[in-house]
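Asks: here is my input; please provide its structure:
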Amino acid sequence: MRRIYEELLGIVPPRIEARIGAGSRLDPEGLELQEAVRRHFMYPRCFDVKTSQLMLFGILLALMGDAARLHALAARRAGATWEELWAVAGLAYLFRGLPAANLGAEIIQKLAEAEPRA
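Replies: Model (predicted):
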């Protein structure tokens, strides 16, 4: 179960690790159901991983969700360009305003700073 997060993000985020840990102990069947639904909707056949992750980044920016950072990272690891991430932040700006644009810019800037130079 952790493998998909490690492949997508390079890490298992703390909240996800907590959900997997608690769910494994308290409700393994419920945890499996959660993951099955997540896989189904996060990876529809009509979108590649990059496109899905870009959309999730934009949705979470519009909601001002801190998980937007993780989906930006996943999109980048799936091949998204800086221009694509910036364009998605622009779309979120249209419906959420400057807070979404600022959060998007902050996320993109931090990802760029953390990414090794080629």
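Asks: so where is this structure shaky, pLDDT-wise?
Replies: Filtered on pLDDT under 70, the chain yields the residue ranges 118.
Asks: can I see the domain layout of it?
Replies: According to automatic domain parsing, the chain comprises the domains 1-42, 46-118.
Asks: quick check, central residue of the protein?
Replies: When Cα atoms, centre = their mean is applied to the chain, the residue found nearest the centroid is residue 71 (1.6 Å).
Asks: contact partners of the host helix or strand of it?
Replies: Element membership for residue 71, per DSSP states H and E: helix 68-77. For helix 68-77, contacts defined as Cβ atoms under 8 Å, 6 or more residues apart in numbering pick out 8-10, 13, 49-50, 53-54, 56-57, 60-61, 84-85, 103-104, 107-108, 110-111, 115. C-beta: built from backbone N, CA, C; applies to glycine.
Asks: among the residues you listed, name the buried ones.
Replies: Neighbour counting with 16 or more other Cβ atoms under 10 Å marks 8-9, 49-50, 53-54, 56-57, 60-61, 84-85, 103-104, 107-108, 111 as buried within these.
Asks: deepest in the core, which of the domains of the chain is it.
Replies: domain 46-118 (a mean of 17; mean count of other Cβ atoms under 10 Å).
Asks: in this protein, where's the longest helix?
Replies: Determined from DSSP state H, the single longest helix within the chain is helix 98-114.
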